[in-house]
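>>> model this:
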Amino acid sequence: MNEGKNAPLARYRVWDLTTRLIHWSLVLLVLMQFGTAEWGWLSMRWHFYFGYAILVLVGVRVLWGIVGSDASRFAHFVRGPRTVAAYMRGTLWRHFGHPVSHNPLGALSVLALLVLLAVQGISGLFASDDIDTFGPLSGRVSNATVRLMTRIHGINQKLLLGLITLHIAAVLLHALVRREEHLITAMITGCKRLARDPQLRFVGIGGALLLAAALAFLLWAVLRWGQAVAAY
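This is a model prediction of the structure:
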């Protein structure tokens with residue numbers, strides 16, 4: 001859904017609290033993940049804790065993209081190749097207008113980030129540095145699988161950092177070149193300037209908390225199963 005470029009704009013609520021909390025929590029957790037792994041901010045134990053939290057939040061965001069508030073649902077903002085191409089042409093000529101939630105190109109970025117975060121978290125469960133850091137599930141798989149997962153973990157980290165850089169650049173492009181309302185502000189307040197009320201349906205945070213609790217319990221059970229090999 002898009003609005004005409006020259007229509008008068010007003011502020012309307014778009015992003016629910018759940019989506020905003022997940023977004024900024026992932027920003028902080030990814031930063032702490034990199035800080036613990038590359039800069040020695042905290043022990044590697046915390047690196048794993050942050051990774052577990054990322055896996056839970058990514059799981060919640062995926063499920064929220066199916067059952068959550070309208071603007072957070074994938075069906076609301078994920079579009080096909082033709083729409084993405086049309087948006088890219090509109091970006092060059094500044095004719096596309098104001099998307100209600102994510103624009104078609106930004107939607108692909110969201111999906112890619114979720115996939116890369118999931119791959120990073122899952123591969124980390126099996127990865128090892130062959131010295132003193134071993135993923136909690138590394139004892140359940142072969143040495144060849146551990147080596148493969150460790151390699152994937154390293155390669156995916158570079159892809160993730162590259163995509164994050166592109167994501168930040170796109171936000172700056174919209175703010176400085178297209179002269180749109182700053183997207184960071186919108187993700188903080190939950191409101192965007194639009195030509196008309198999008199009449200979105202919002203779902204309370206209670207459902208998201210239940211999803212987070214269920215996924216956290218599932219991850220805990222998997223980790224317990226993985227660590228039980230140490231008892232033998």
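>>> what's the burial count for residue 196?
14 (other Cβ atoms under 10 Å). (Each C-beta comes from the backbone N, C-alpha and C, glycine too.)
>>> quick one: it is in a strand?
No. Using DSSP: H, G, I helix; E, B strand; the rest coil, the assignment for residue 196 is coil, not a strand.
>>> So in this structure, which helix runs the longest?
The longest helix of the chain (DSSP state H) is helix 143-176.
>>> How about residues contacting the helix or strand following it?
Per DSSP states H and E, the first helix or strand lying C-terminal to helix 143-176 is helix 183-189. Helix 183-189 is contacted by residues 14, 15, 20, 23, 24, 171, 174, 175, 192 when judged by Cβ atoms under 8 Å, 6 or more residues apart in numbering.
>>> Recalculate using a threshold of 10 Å.
For helix 183-189, the external contacting residues (Cβ atoms under 10 Å, 6 or more residues apart in numbering) are 11, 13-15, 19-20, 23-24, 27, 101-103, 106, 168, 170-175, 180, 182, 191-193.
>>> From the chain's centroid, how far away is that helix?
Helix 183-189 sits 15 Å away from the centroid of its parent chain (Cα atoms, centre = their mean, to the nearest Å).
>>> Could you check how many residues crowd around residue 129?
10.
>>> Name the nearest residue to it, ignoring sequence neighbours.
Closest residue in space to residue 129, ignoring its immediate chain neighbours: residue 150 at 7.5 Å, by Cβ to Cβ, 6 or more residues apart in numbering.
>>> The one you found against residue 125, yeah?
No. Contact criterion Cβ atoms under 10 Å: residue 150 and residue 125 do not qualify, at 11.3 Å.
>>> Give me the common contacts of the two.
Looking at what touches both residue 150 and residue 125 (by Cβ under 10 Å, 6+ apart), the common residues are 135, 138.
>>> So for those two, which residue has more residues nearby?
Set residue 150 next to residue 125 and count neighbours by other Cβ under 10 Å: residue 125 wins out with 22 against 19.
>>> which residues does the more buried one contact?
48, 51-52, 55, 135-138, 140-141, 149, 153, 219, 222-223, 226 are the contacts of residue 125 under Cβ under 10 Å, 6+ apart.
>>> So for the helix or strand where it lies, what gets flagged as buried?
Taking DSSP H and E as the criterion, residue 125 maps to helix 104-126. Residues of helix 104-126 classed as buried by neighbour count (16 or more other Cβ atoms under 10 Å): 104-107, 109-111, 113-126.
>>> That one: how far from the chain's middle?
The answer for helix 104-126 is 7 Å, by Cα atoms, centre = their mean.
>>> Just the CA coordinates for it, please, in PDB.
The C-alpha trace of helix 104-126 is given here as PDB (Å, rounded to 0.1, in the frame of the first residue of the first chain):
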ATOM      1  CA  PRO A 104       9.400  -3.700  -1.300                       C
ATOM      2  CA  LEU A 105      13.200  -3.600  -1.300                       C
ATOM      3  CA  GLY A 106      13.400  -3.100   2.500                       C
ATOM      4  CA  ALA A 107      11.100  -6.200   2.900                       C
ATOM      5  CA  LEU A 108      13.700  -8.300   1.100                       C
ATOM      6  CA  SER A 109      16.300  -6.900   3.500                       C
ATOM      7  CA  VAL A 110      14.200  -7.900   6.500                       C
ATOM      8  CA  LEU A 111      13.800 -11.400   5.300                       C
ATOM      9  CA  ALA A 112      17.500 -11.700   4.500                       C
ATOM     10  CA  LEU A 113      18.500 -10.400   7.900                       C
ATOM     11  CA  LEU A 114      16.200 -12.900   9.600                       C
ATOM     12  CA  VAL A 115      17.600 -15.800   7.600                       C
ATOM     13  CA  LEU A 116      21.300 -14.800   8.200                       C
ATOM     14  CA  LEU A 117      20.600 -14.300  12.000                       C
ATOM     15  CA  ALA A 118      19.000 -17.700  12.100                       C
ATOM     16  CA  VAL A 119      21.900 -19.300  10.300                       C
ATOM     17  CA  GLN A 120      24.400 -17.600  12.500                       C
ATOM     18  CA  GLY A 121      22.600 -18.700  15.700                       C
ATOM     19  CA  ILE A 122      22.100 -22.300  14.600                       C
ATOM     20  CA  SER A 123      25.600 -22.800  13.200                       C
ATOM     21  CA  GLY A 124      27.000 -21.400  16.500                       C
ATOM     22  CA  LEU A 125      25.300 -24.200  18.400                       C
ATOM     23  CA  PHE A 126      27.600 -26.700  16.600                       C
END
